[in-house]
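Colleague: Predicted structure and sequence below. I'll ask about it afterward.
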Amino acid sequence: MKTQSAVLPIEKISILSSLPFFGVHLMCLAALWTGAHTQDVLVCVGLYFFRMLGLTTGYHRYFSHRTYKTNRVYQFLLALWGTLCTQKGPLWWAAHHRHHHKESDQPGDVHSPTLRGFWWSHTGWILCAKYNQTRYDQIRDFARYPELRWLNKYHLLPPIALAVSLFFIGGFSMLVWGFFISTTLLWHGTFTINSLSHVYGRQRYKTTDTSRNNWLLAIVSMGEGWHNNHHYHQNTANQGWFWWEWDPSFYFLKVMSWLGVISDLRVPSPAVKYAHLKYSPEVRENLRRPRFRKALVSQPVSEQASVGPPLSALLEG
Ligand SMILES: [Zn+2]
Ligand SMILES: [Zn+2]
């Protein structure tokens with residue numbers, strides 16, 4: 001019997017159009033020649049967190065979920081900030097993400113690790129020509145702004161400008177550390193939310209998917225690791241709902257609201273936040289034993305989706 005974990009025939013990694021992605025990874029090796037100067041490493045780490053913040057507060061919490069309001073100028077700056085992450089345009093990113101929430105871990109979810117395997121959910125789907133286009137049907141609200149459509153089309157200009165600036169400021173070693181290594185780390189830091197946060201961690205809330213809360217991923221992603229909270233109620237500006245749930249993206253949003261740049265930050269109502277306290281003992285027990293692992297145990301090894309197809313099987317040709 002065929003399982004849903006099989007990647008569709010049209011879902012192959014396009015080698016040619018993925019060359020820049022592999023090229024950025026390869027360029028990281030240049031650090032073996034340049035060495036690691038303190039200022040270059042600091043720029044690498046600084047740009048990692050600075051750009052992650054743009055991604056979480058802009059591409060994710062604003063464009064994908066509209067969890068707060070702002071003016072048109074800051075809206076554009078958020079889009080511009082997000083493009084520096086080299087993860088395509090704001091409309092492309094947000095539209096695909098909205099679709100993920102609609103179909104989480106269902107056959108239509110293009111990056112479900114439980115259905116399609118780890119590699120596909122982590123990077124495969126991004127490198128697949130089938131998903132290159134912006135799903136305008138999912139993002140009509142923001143697609144009406146011409147400046148966002150323009151930036152969505154020319155999304156590579158800001159990161160190229162960043163790379164060139166780094167080269168002129170600090171030479172080749174700053175380019176390698178500040179752009180290539182920082183961007184590679186940023187990519188994989190972001191991708192873990194699609195892959196690992198649907199596999200490892202705890203489930204506090206009952207959802208129809210495998211989303212988890214994971215403190216380590218919350219550190220890496222500046223607060224996005226509380227993925228079970230987020231899937232349970234996706235329209236809140238905060239994803240860490242309790243004081244111990246590290247969510248620096250929300251702390252930043254709070255400061256911006258005090259400054260008057262943004263407003264109407266949505267937070268979970270007590271009924272949402274404390275919904276888990278009303279669960280029956282059976283439901284609590286079920287949440288303690290994640291469905292993903294249970295499903296694996298009950299499946300024959302050949303059909304286990306956790307491993308997914310080997311990376312070679314995803315390549316074109
Ligand atoms: Zn998810
Ligand atoms: Zn989301």
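Modeller: On my side now, so go ahead. All figures in this text were calculated on a predicted structure; none of them were measured in a lab. Numbers count the residues shown, from 1 in each chain. Ligands and ions are numbered 1, 2, ... in the order given.

Colleague: can you give me the strands for the stretch 51-200 of the chain?
Modeller: 69-70 (DSSP state E, counting those that start in this stretch).

Colleague: for this protein, which spans come out with low pLDDT?
Modeller: Residues of the chain that meet the criterion pLDDT under 70 lie in 1-10, 290-317.

Colleague: dump the residue contacts of the nearest residue to K273 once chain neighbours are set aside.
Modeller: Spatial nearest neighbour of K273, chain neighbours left out: W241 (5.3 Å); criterion: C-beta to C-beta, 6 or more residues apart in numbering. Every residue, glycine included, has its C-beta placed from N, CA and C. The neighbours of W241, taking C-beta atoms under 8 Å, 6 or more residues apart in numbering as the test, are W226, N229, P268, K273.

Colleague: Neighbour-wise, which one of those leads?
Modeller: Most neighbours among the contacts of W241, by other C-beta atoms under 10 Å: W226, with 29 neighbours.

Colleague: Pretty sure T236 is one of the things it touches, is it not?
Modeller: No: using C-beta atoms under 8 Å as the test, W226 is too far from T236 to be in contact (10.1 Å).

Colleague: Any figure for the gap between N194 and A129?
Modeller: Distance of N194 to A129, given as C-beta to C-beta, to the nearest Å: 19 Å.

Colleague: which one of the two has more residues nearby?
Modeller: More neighbours surround N194 than the other of N194 and A129, with 23 against 15 (other C-beta under 10 Å).

Colleague: For the closest residue to the more buried one other than its chain neighbours, give me its contacts.
Modeller: Nearest non-adjacent residue to N194, counting by C-beta to C-beta, 6+ apart: H111, 4.6 Å away. Neighbouring residues of H111 by C-beta under 8 Å, 6+ apart: H100, W120, S121, H122, W125, N194, S195.

Colleague: was I right about the first one contacting V110?
Modeller: Yes: in this structure, H100 sits in contact with V110. The criterion is C-beta under 8 Å, and the distance is 7.3 Å.

Colleague: Tell me where the stretch 1-150 of the chain has helices.
Modeller: 19-27, 31-34, 38-54, 72-83, 90-103, 113-116, 118-122, 140-143, 146-153 (DSSP state H, counting those that start in this stretch).

Colleague: Tell me which of those helices sits nearest to T210.
Modeller: With distances scored as C-beta to C-beta, the stretch of the helices of the stretch 1-150 of the chain nearest to T210 is helix 113-116 (5.2 Å).

Colleague: so how far is the closest one from its chain's centroid?
Modeller: 16 Å (C-alpha atoms, centre = their mean, to the nearest Å).

Colleague: tell me what it is packed against?
Modeller: Counting contacts by 3 or more C-beta pairs under 8 Å, 6 or more residues apart in numbering; DSSP states H and E, helix 113-116 is packed against helix 118-122.

Colleague: If we ignore the residues flanking it in sequence, what's nearest T207?
Modeller: Using C-beta to C-beta, 6+ apart and skipping residues adjacent in sequence, the residue nearest T207 is H231, 4.8 Å away.

Colleague: Tell me if the one you found really is in a helix.
Modeller: Yes: counting by DSSP: H, G, I helix; E, B strand; the rest coil, H231 falls inside a helix.

Colleague: wait, it sits on D209?
Modeller: Yes: counting by C-beta under 8 Å, D209 is a contact partner of H231 at 5.7 Å.

Colleague: count of neighbours near A143?
Modeller: Other residues lying near A143 total 17 when counted by other C-beta under 10 Å.

Colleague: residues in contact with S197?
Modeller: S197 neighbours (C-beta under 8 Å, 6+ apart): S211, R212, N214, L217, E224, G225, H227.

Colleague: What of Y131?
Modeller: Taking C-beta under 8 Å, 6+ apart as the contact definition, Y131 lies against H96, V110, W125.

Colleague: try it again with 10 Å
Modeller: E11, K88, W92, H96, H99, V110, H111, G124, W125 (C-beta atoms under 10 Å, 6 or more residues apart in numbering).

Colleague: which of those has the most neighbours?
Modeller: G124 (27 neighbours).

Colleague: do you know how far that one is from K88?
Modeller: If you go by C-beta to C-beta, the gap between G124 and K88 works out to 15 Å.

Colleague: contacting residues around the nearest residue to A31 once chain neighbours are set aside?
Modeller: Residue nearest to A31 in three dimensions, not counting chain neighbours: V176, with 5.3 Å by C-beta to C-beta, 6+ apart. Going by C-beta under 10 Å, 6+ apart, V176 touches 27-36, 40, 44, 166-167, 170, 182.

Colleague: what do you get for G58?
Modeller: With contact taken as C-beta under 10 Å, 6+ apart, G58 is in contact with 64, 70, 74-75, 77-83, 85, 90, 93-94, 249.
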